[in-house]
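>>> got a structure for you, letters missing:
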């Protein structure tokens, strides 16, 4: 049985639970229209902003700087992106507002119902690189019914560092084999499996838009592969 | 307005949300009856066990030992209590089971409905000396609909240390004045107020049984005084 012994499910959030790209582009659109900025490609803005994410996390994981929460990294990268796009005139209040746009992302349509079903059987928690404040506000905004907020800040380590998985397993008083990581990203699942967690892949083929080429399919034989969170609940709650 | 600017409510858990004394006595009763132990006063057992709690926390707060989660402290004190009561013969599996009884405590009757109402307006979180695993399992057991699990383990400090309040406020990205501590214990509220949090007192006159003498009334003019969580919701959600 795929769920034998599993007591908790850890979820990747950006991309797996929420559609960050459409949400951030829309928030850019709203700010841009208020500031009467014409001809800005706000989807490109979202993609550029997100492109700084992994390199920034690595500066922390490699010890090049002390622990820094994602809100701070988002604010830093926003300045770079606005400069890259010739939008240096963006005022400070709008920069603060856009940074907090990462607290207001829309869930994929199957997520709230799927999580609600899964919560009846399992402890459900994000295991995200987002900081606690971001994840709490996002859960309130998108209606994500988490039992507990876990992630990089509770582990003091960014995925895919081992501590980002095992420290959060320990905080629940569980063994790695009692926890299943759910993600739309094969690399996240590979790191989870390497650290002894079970794995479930849920493809999100539109995370990066219609021309997405990455993570369309599972690259390994993960414990579970499901089309969305409703299928995952069907599979795990049987 | 009492709730002006308040964005999150922190709740004390043992005594304020759950009736630990009745629950622990009942779990003792169950184990005792299975082991055919006669004439044991299981309410005294619960009281004795709890009496070790504050002195144990102080050993951590004073730096006499490194960070130790409450599950470990409960297990340690259980051995002392069983020895005090002449129950040294209690086998290890029952000791482990009783330690986890602190994960299965019953909520006072107003708590789940009150929290559900308060959750519509505020971020609601425990701020308890319980460790994360204990608080998650307790929330599942008692139906406490927390938005996020905070407490001594996320702050790495036991109440009433300042860090036990301000570190958890910081994790939500808030200012102390944006958070209200809700407790049935005046000392908890005094420490919260000293650190800039708002305060709400909810008396639990049966926490220590019918002869309780402590915390029957507010000792200071806390921001809110309510008879139970339903009254608190009426007051704060107006």
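Alright, I've got the coordinates. All of these numbers come straight from a predicted model, not from anything done at the bench.

>>> so how far is chain B from the most far-flung residue of chain A relative to its centre?
What lies farthest from the middle of chain A is residue A:36; by Cα atoms, centre = their mean that is 31.0 Å. From residue A:36 across to chain B, the span is 30 Å (Cβ to the nearest Cβ, to the nearest Å). Just so you know, the C-beta spots here come from the backbone N, C-alpha and C atoms, and that holds for glycine as well.

>>> near chain B, which residues of chain A?
Contact residues, chain A versus chain B (Cβ under 8 Å from any Cβ of the partner chain): A:71, A:123, A:131-133, A:135-136, A:139-140, A:146-149, A:153-154, A:171-174.

>>> sitting in helices, which of those do you find?
Among the residues of chain A next to chain B, the members falling in helices (DSSP state H) are A:71, A:132, A:133, A:135, A:136, A:139, A:140, A:153, A:154, A:171.

>>> report the contact partners of the last one.
What that stands for is residue A:171. A:150, A:154, A:155, B:131, B:132, B:133, B:153 (Cβ atoms under 8 Å, 6 or more residues apart in numbering or on different chains).

>>> dump those to TSV, plus pLDDT, neighbour count and distance to residue A:55.
Output for the contacts of residue A:171, formatted as TSV (pLDDT from 0 to 100; neighbours: other Cβ atoms under 10 Å in any protein chain shown; distance: Cβ to Cβ, whole Å):
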residue	pLDDT	neighbour count	distance to residue A:55
A:150	98	29	24
A:154	97	23	23
A:155	97	22	20
B:131	98	25	35
B:132	98	28	31
B:133	98	22	34
B:153	97	22	31
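
>>> dump the residues you listed to a markdown table, plus distance to residue A:209.
Below are these laid out as a markdown table (distance: Cβ to Cβ, whole Å):
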| residue | distance to residue A:209 |
| --- | --- |
| A:150 | 29 |
| A:154 | 32 |
| A:155 | 31 |
| B:131 | 42 |
| B:132 | 37 |
| B:133 | 40 |
| B:153 | 40 |
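
>>> of all the residues you listed, which comes closest to residue A:92?
Of all the contacts of residue A:171, residue A:92 sits closest to residue A:154, with 30.4 Å by Cβ to Cβ.

>>> my guess is that closest one contacts residue B:154. True?
Yes. With contact defined as Cβ atoms under 8 Å, residue A:154 reaches residue B:154; the gap is 6.7 Å.

>>> hey, what's in contact with both of these two?
Taking Cβ under 8 Å, 6+ apart as the criterion, residue A:154 and residue B:154 both touch A:132, B:132.

>>> which residue, other than its chain neighbours, is closest to residue A:238?
Distances taken as Cβ to Cβ, 6 or more residues apart in numbering or on different chains place residue A:3 nearest to residue A:238, at 7.9 Å, with adjacent residues excluded.

>>> repeat for residue A:7
residue A:178 is the one closest to residue A:7 (Cβ to Cβ, 6+ apart), at 4.6 Å.

>>> show the pLDDT at the one you found.
For residue A:178, the pLDDT comes out at 98.

>>> burial of it, as a residue count?
For residue A:178, the neighbour count with other Cβ atoms under 10 Å in any protein chain shown is 17.

>>> so which residues of chain A form helices?
So, for chain A - with DSSP H - the helices run A:20-34, A:42-51, A:53-61, A:70-84, A:92-99, A:111-119, A:132-142, A:152-155, A:162-171, A:186-194, A:229-236.

>>> contacts for the second one, please.
The set of residues that contact helix A:42-51 without belonging to it, under Cβ under 8 Å, 6+ apart, is A:20-22, A:24-26, A:28-29, A:32, A:74, A:77-78, A:81, A:84-85, A:208-209.

>>> ok, the first one next?
Helix A:20-34 is touched from outside by A:14, A:40, A:42-43, A:45-47, A:49-50, A:90, A:94, A:97-98, A:101-102, A:104-106, A:207-209, with contacts defined as Cβ under 8 Å, 6+ apart.

>>> of those, buried ones?
With neighbours counted by 16 or more other Cβ atoms under 10 Å in any protein chain shown, the contacts of helix A:20-34 contain buried members at A:14, A:40, A:42-43, A:45-47, A:49-50, A:90, A:94, A:98, A:101-102, A:104-106, A:207-208.

>>> quick one on the thing from earlier: between the ones in helices among the residues of chain A next to chain B, which sits nearest chain B?
Nearest to chain B among these: residue A:133, at 3.4 Å, using Cβ to the nearest Cβ.

>>> low-scoring stretches of chain A, by residue?
Per-residue confidence for chain A (pLDDT under 70) gives these ranges: A:1-2.

>>> can you do 50?
Low-confidence segments of chain A (pLDDT under 50): A:1.

>>> in contact with the nearest residue to residue A:180 once chain neighbours are set aside, which residues?
Distance criterion Cβ to Cβ, 6+ apart; nearest residue to residue A:180, sequence neighbours excluded, is residue A:198 at 3.9 Å. By Cβ under 8 Å, 6+ apart, the residues touching residue A:198 are A:2, A:6, A:177, A:179, A:180, A:181, A:192, A:223, A:224.

>>> perfect, that will be all.
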